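Engineer: Compute the structure for the input listed below.
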Amino acid sequence: MTDHALSAPAERGTLSSYIYNPTVRAIFFQILTALLTVIFVIWVTGNTAENLARSGTASGFDFLDSRAGFDIGQSMIEYSSDSTYGRALLVGFLNTILVAVTGIITATIVGFIIGIGRLSGNWLIARLCTVYVEVFRNIPVLLVIFFWYSGVLSTLPQVRESLELPFGMFLNNRGLAIPKPSWGDGSIVLPIAFGVAIVAAIVMARWAKARQAATGQQFPVGWASLGLIVGLPVLAFAAVGWPLSFSFPELGRFNLTGGAVLGPEFVALYLALSFYTASFIAETIRAGIRGVAKGQSEASAALGLQPSQATRLVVVPQAMRIIIPPLTSQYLNLTKNSSLAAAIGFPDLVATGGTTLNQTGQAVEVVSIWMVVYLSISLATSVFMNWFNARMALVER
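Structural biologist: Residues are numbered from 1 along each chain as shown. Purely as a prediction, here's the structure:
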């Protein structure tokens with residue numbers, strides 16, 4: 001037998017070993033996927049550039065410095081029709097953040113209450129919480145927004161017949177009129193004192209935890225932290241002479257003067273997203289608490305803890321490691337659902353961007369801004385919640 005005949009099976013065996021080698025195949029498919037992705041991106045980029053050139057549309061972000069020429073109903077910063085498109089998009093971005101932050105806070109509070117209420121031993125409370133969850137969870141969020149906007153807020157009385165609320169507020173079909181704060185010289189001490197108080201509360205909480213681990217003695221961290229976070233800014237503000245005044249809304253014969261107005265679009269969007277998302281958060285809370293072994297509650301009762309104490313000190317801290325991951329998804333959903341604001345005319349990022357797109361024709365650039373902003377918000381939320389989840393995770397000794 002010749003050497004060539006002997007080497008052929010060996011070569012086929014070597015080739016087969018490469019083909020069926022999991023490492024080699026994994027590298028091959030990764031390289032293939034990367035090449036296909038690059039080809040696809042090049043094709044999309046070339047096709048987009050060709051279409052823009054054919055339509056005579058100039059690409060780039062220079063339009064952001066041009067005059068916008070349209071007004072915005074609600075803005076957290078100074079804005080007029082003479083402002084630039086870039087500032088208009090900034091106004092929309094800040095409105096989106098406002099809806100997301102306030103909605104997340106409210107949805108979390110309501111969701112925790114409803115979720116724990118569903119586990120209540122009181123039959124009526126448990127059933128009412130169940131009805132709340134089933135109703136809001138099975139209705140499209142857009143219909144919930146329309147319900148608050150067209151079915152509730154639009155039926156409120158006109159301005160001349162405004163409902164007078166506590167703290168100098170008025171409610172009518174044009175929105176909620178609230179006192180407008182006016183900050184004076186020295187107001188900067190308030191955020192500084194607040195930041196110092198938060199740092200002090202964190203340091204105190206760590207000290208109390210180490211003290212309890214060493215001696216077994218508990219320290220009222222909650223009340224002490226609340227005292228720091230509230231008391232220190234108040235004392236600092238008092239020390240500089242209370243540089244804060246309020247302009248209260250006043251009801252005239254035909255209109256309200258003074259104060260600030262939260263338009264019905266914001267109120268409807270805020271309430272709809274908060275109550276809708278709270279129904280999903282409530283189920284997350286209930287599932288997390290159910291995921292804690294029943295023996296933990298029995299052991300708490302054996303130690304003499306009341307049911308409320310057992311829930312607060314034993315069950316909920318252990319349930320948080322189950323609750324936080326799906327809770328993150330609900331926060332992301334609420335933020336992204338805020339883009340439905342355009343349906344009722346609230347000037348969020350999508351609404352202001354849509355007006356900008358219609359007036360400038362810069363579709364690629366505006367859509368890119370939308371994608372980058374929502375992606376950045378989502379990633380920032382995920383990073384924070386992952387950090388919080390790591391802090392809440394149970395550590396085995």
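
Engineer: can you pull out the helices in the stretch 251-397 of the chain?
Structural biologist: With DSSP state H, counting those that start in this stretch as the criterion, the stretch 251-397 of the chain has helices at 264-290, 294-302, 307-310, 316-337, 349-360, 363-392.

Engineer: And the shortest one, how far out from the chain middle?
Structural biologist: Helix 307-310 has its average C-alpha position 30 Å from the chain's average C-alpha position, going by Cα atoms, centre = their mean, to the nearest Å.

Engineer: Can you give the contact residues for that helix?
Structural biologist: Helix 307-310 is contacted from outside by Gln296, Ser297, Ser300, Ala301, using Cβ atoms under 8 Å, 6 or more residues apart in numbering. Glycine gets a C-beta too; all of them are placed from N, C-alpha and C.

Engineer: Show me which pair in the residues you listed is furthest apart.
Structural biologist: Greatest spatial distance in the contacts of helix 307-310: Gln296 and Ala301, 9.9 Å, computed using Cβ to Cβ.

Engineer: rewinding a little: of the contacts of helix 307-310, closest to Thr130?
Structural biologist: Nearest to Thr130 out of these is Ser297 (Cβ to Cβ; 21.1 Å).

Engineer: check contacts around the closest residue to Met320 other than its chain neighbours.
Structural biologist: Spatial nearest neighbour of Met320, excluding adjacent residues (Cβ to Cβ, 6 or more residues apart in numbering): Met392 at 4.7 Å. Applying Cβ under 8 Å, 6+ apart, we find Met392 in contact with Pro317, Met320, Arg321, Ile324.

Engineer: related to what we said a few turns ago, out of the helices of the stretch 251-397 of the chain, indicate the one that is most buried.
Structural biologist: helix 264-290 (a mean of 23; mean count of other Cβ atoms under 10 Å).

Engineer: now for that helix, which elements pack on it?
Structural biologist: If contacts are counted by 3 or more Cβ pairs under 8 Å, 6 or more residues apart in numbering; DSSP states H and E, helix 264-290 sits against helix 85-118, helix 123-137, helix 141-146, strand 175-178, helix 316-337.

Engineer: rank those by mean pLDDT and give me the bottom one.
Structural biologist: Among these, strand 175-178 carries the lowest mean pLDDT, at a mean of 85.

Engineer: Pairing partners for it, with directions?
Structural biologist: The pairing partners recorded for strand 175-178 under DSSP bridges are strand 169-172 (antiparallel), strand 260-262 (antiparallel).

Engineer: Dump those into a markdown table; add mean pLDDT and mean neighbour count as well.
Structural biologist: A markdown table is the format used below for the strands paired with strand 175-178 (pLDDT from 0 to 100; neighbours: other Cβ atoms under 10 Å):
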| stretch | mean pLDDT | mean neighbour count |
| --- | --- | --- |
| strand 169-172 | 86 | 19 |
| strand 260-262 | 83 | 17 |
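
Engineer: among those strands, which is nearest Ala34?
Structural biologist: Between the strands paired with strand 175-178, strand 260-262 lies closest to Ala34; by Cβ to Cβ that is 49.5 Å.

Engineer: about what we covered before: so which of the contacts of Met392 comes closest to Phe93?
Structural biologist: Nearest to Phe93 among those, with distances taken as Cβ to Cβ, is Ile324, at 26.7 Å.

Engineer: For the closest one, which non-adjacent residue is closest in space?
Structural biologist: In space, Ile324 is closest to Asn389, 4.4 Å off (Cβ to Cβ, 6+ apart).

Engineer: got a list of what that neighbour touches?
Structural biologist: Neighbouring residues of Asn389 by Cβ under 8 Å, 6+ apart: Arg321, Ile324, Pro325, Thr328.

Engineer: how close does it get to Phe112?
Structural biologist: For Asn389, the distance to Phe112 equals 17 Å [Cβ to Cβ, to the nearest Å].

Engineer: again, but for Pro243
Structural biologist: According to Cβ to Cβ, Pro243 and Phe112 sit 36 Å apart.

Engineer: Could you list the low-pLDDT ranges of the stretch 151-300 of the chain?
Structural biologist: For the stretch 151-300 of the chain, not a single residue meets the criterion pLDDT under 70.

Engineer: For Lys363, list the residues it contacts.
Structural biologist: Small correction: residue 363 is Ala, not Lys. Each residue near Ala363 by Cβ under 8 Å, 6+ apart is listed here: Leu357.

Engineer: Okay, it and Leu90: tell me how far apart.
Structural biologist: 20 Å.

Engineer: ditto for Thr381
Structural biologist: In this view, Thr381 and Leu90 are 20 Å apart by Cβ to Cβ.
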